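**Q** Build me a structure from this.
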Amino acid sequence: MSREPCGPRCAAPQGRRHQRWFVMLACGAALAAGPLVRESLAAGDSLFAGDQVHAISIAFAQPAWRETLAAWHDAGVETYLPAVVVVNGASYDSVGVRFKGQSSYLFSNDKKPFRLVFDEFRGSQRLDGLKSVHLNNAWRDPSFLREKLHLGFLRDAGVAAPRANHATLEVNGEPWGLYVLVEHVDKKFLESRFGEKDGNLYKAVDGIATNAGGGPPPLSDFRWYGPDPADYTDRYELKTDDSERPWSDLLAVADALAHSPDLPAALPSLVQLERFGRAMAADNLLGNLDSYAGSGRNFYAYFPKDGRPMEWIAWDAGLSFGAYRVDRTDPRTLPPDYVSDDDDRPLLARLLGEPALRRDYLDGYAALFRDQFSVPRLLARVDSLAALVRPYVLADPKKATTNEQFEESLVSDVRLGDLVVPGLASFLRARAATVAAWLAADGGAPAGCRLAGIVPNPARSSVSFTVELASAGSLRLEVFDPAGRRVAELANGAWSAGSHTLDADVSGLAPGLYLCRLRAARGESVKRIVVLP
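**A** Purely as a prediction, here's the structure:
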């Protein structure tokens, strides 16, 4: 099959070979290559300074406002209803308001999340210089602290991430309780972080809703689907509308990941690897599996107009600290090289598959763990924020959890129906112990395992699995259905290091989609398989 050449963005500069791109983290975020220009300009500095709980009220003139917003949300249209919004006593007329979110909207009680757009109907109107903010409802987080803690950790690590604080909300005079107030990612955000705002900004699609044909949902995965931009428009949301050449930059990254014969030379000119590596390491350390490495969503990718490499922007970290699981994976015991699916996460999986890039990533991971993941410091941060929000949580009439669960979640695991949400303190202590053991096991560079191939796929009966084990040890290969139930164990025993082929018969499985999980003493790898009738 012929294909278009990778193009000029894929080529490394003349004479340039792989350089260590991540190890500078050991010297601190200030030494990162290129801007982040500075944390912010004037916009939002007062709103997000320090730790604050703001007071916000929304007043709709339309009696059926709730039904109208729900109908627009359910129809998938981002239409805004005008309202008067008061923030800390200052009134703003004709602010655009809508419901937002997917899981946080569908699985919450009556406490829906909102987006407020201050210039939707009045072009010059701003809130502390900002055009838009989000009010998140902290669903599945009885502590109300996960998003602010995670975003603060990212920003301390030099990763581009929005700022967060808290706010109480009233709607038409009715108390709606405590929300997490989050900065919006827009051109003002881009200019403050990267020094310019005229490049292409892509947002990951949510990836929850299934296709009309019943197939798997589209993912913002960085896989190569060919040279036609139309094959990517359902996988990424292009947020900028003034680009002369949209999609070519994103396709160059996907093309290089799929076809470059020398990825360590090509990738640094396409992706700002230091900050991407820190974002992945922070998600891993803090057990945030509702992310690219896990669920495959909740990020932005920005390509500066001046040709600098792609910048990674974190987004929606409300299920950090182990509150989200992928394929029965325990976030407390994640290996540093965890990827939920090598095929569907090539930007991270290919990086980890190249020895030089992998070495740099793990060196930086170890440095981030050593320099920033301090359990006493993080627990002190938890205590300080909990003391700030406690009276507002206790008074929240719409929260989906109890006052007892708020207190419990700060320390130990909390059961929410069939789900167990790790406590902040218990998670941090368990994560610190696990990571320290991993890093000590192999000189600070943990090895892993890889489920390298499944042939044929889809399959009816006989299947060959190719597995790779970096060091000798125990290995288990299991099959799970989409509900997370184990339906088969294909291997369980001691294996030597290297590549192995395992033949298995899957004809006893009902037709459908399954997840194959390979787990070794230090690592795991997951791939999908489709069983045909």
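**Q** Could I get the full set of helices for the stretch 251-400 of the chain?
**A** 263-266, 273-285, 346-353, 355-372, 375-395 (DSSP state H, counting those that start in this stretch).
**Q** try the chain
**A** Under the criterion DSSP state H, helices of the chain are mapped to 65-74, 103-106, 146-156, 187-194, 248-259, 263-266, 273-285, 346-353, 355-372, 375-395, 403-409, 424-441.
**Q** From Y361, how far out is the most centrally placed residue in the chain?
**A** By Cα atoms, centre = their mean, the chain has its centre lying nearest to S291, at 2.3 Å. Applying Cβ to Cβ, to the nearest Å, one obtains 16 Å for the distance of S291 from Y361. Every residue, glycine included, has its C-beta placed from N, CA and C.
**Q** got a pLDDT number for A209?
**A** On pLDDT, A209 comes in at 49.
**Q** I meant to write A472 there.
**A** On pLDDT, A472 comes in at 82.
**Q** Report the contact partners of it.
**A** With contact set as Cβ atoms under 8 Å, 6 or more residues apart in numbering, A472 has these partners: A494, W495, S496, A497.
**Q** try 6 Å
**A** The contact partners of A472, taken as Cβ atoms under 6 Å, 6 or more residues apart in numbering, are S496, A497.
**Q** same check, this time on the one 3 residues further on
**A** By Cβ under 6 Å, 6+ apart, the residues touching L475 are L469, W495, A520.
**Q** now it, nearest residue through space, not along the chain?
**A** The shortest distance from L475 to any non-neighbouring residue, by Cβ to Cβ, 6 or more residues apart in numbering, is to W495 (4.5 Å).
**Q** how many other residues sit next to the one you found?
**A** Residues lying near W495 (other Cβ atoms under 10 Å) number 18.
**Q** picking that back up, burial check on the nearest residue to the residue nearest to the centre of the chain once chain neighbours are set aside, number of neighbours?
**A** Excluding its sequence neighbours, the residue lying closest to S291 (Cβ to Cβ, 6+ apart) is D283, at 4.5 Å. By the measure other Cβ under 10 Å, the count of residues near D283 is 29.
**Q** and if you look at P533?
**A** Applying the criterion other Cβ under 10 Å, we find 6 residues in the vicinity of P533.
**Q** so T434 makes contact with T333?
**A** Yes: here T434 lies in contact with T333, judged by Cβ atoms under 6 Å, at a distance of 5.2 Å.
**Q** Dump the contacts of L475 to JSON lines, plus pLDDT and distance to A75.
**A** Listed next are those as JSON lines, based on pLDDT from 0 to 100; distance: Cβ to Cβ, whole Å:
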{"residue": "L469", "pLDDT": "83", "distance to A75": "50"}
{"residue": "W495", "pLDDT": "87", "distance to A75": "52"}
{"residue": "A520", "pLDDT": "77", "distance to A75": "47"}
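**Q** returning to what we had before: what's the pLDDT at the residue nearest to the centre of the chain?
**A** 95.
**Q** My guess is it contacts A281. True?
**A** No: counting by Cβ under 6 Å, S291 does not reach A281; the two are 11.4 Å apart.
**Q** ok, the residue nearest to S291 to Y338 distance?
**A** According to Cβ to Cβ, D283 stands 9 Å off from Y338.
**Q** go on, S91?
**A** Counting by Cβ to Cβ, the separation of S91 from Y338 is 48 Å.
**Q** Which one's more surrounded, those two?
**A** Using other Cβ under 10 Å, the more surrounded residue of S91 and Y338 is Y338, with 23 against 11.
**Q** helices and strands around the least confident helix or strand in the chain by mean pLDDT, which ones?
**A** Least confident helix or strand, the chain: strand 523-531 with a mean of 80, by mean pLDDT, DSSP states H and E. Of the remaining helices and strands, those touching strand 523-531 by 3 or more Cβ pairs under 6 Å, 6 or more residues apart in numbering; DSSP states H and E are strand 449-455, strand 512-520.
**Q** Beta-bridge partners for the residue nearest to L475, please?
**A** W495 has the following beta-bridge partners by DSSP bridges: G473.
**Q** so it makes contact with L469?
**A** Yes: counting by Cβ under 6 Å, W495 touches L469, with 5.5 Å between them.
**Q** how deep is the spatially closest residue to F303 that is not a sequence neighbour tucked in, by neighbour count?
**A** For F303, ignoring the flanking residues on the chain, the nearest one in space by Cβ to Cβ, 6+ apart is D249 at 4.1 Å. D249 is flanked by 23 other residues according to other Cβ under 10 Å.
**Q** What confidence value was assigned to D249?
**A** Confidence at D249, expressed as pLDDT, is 96.
**Q** coming back round to it: looking at the helices and strands packed on strand 523-531, which is closest to D51?
**A** Evaluated over the helices and strands packed on strand 523-531, closeness to D51 peaks at strand 512-520, with 40.0 Å, by Cβ to Cβ.
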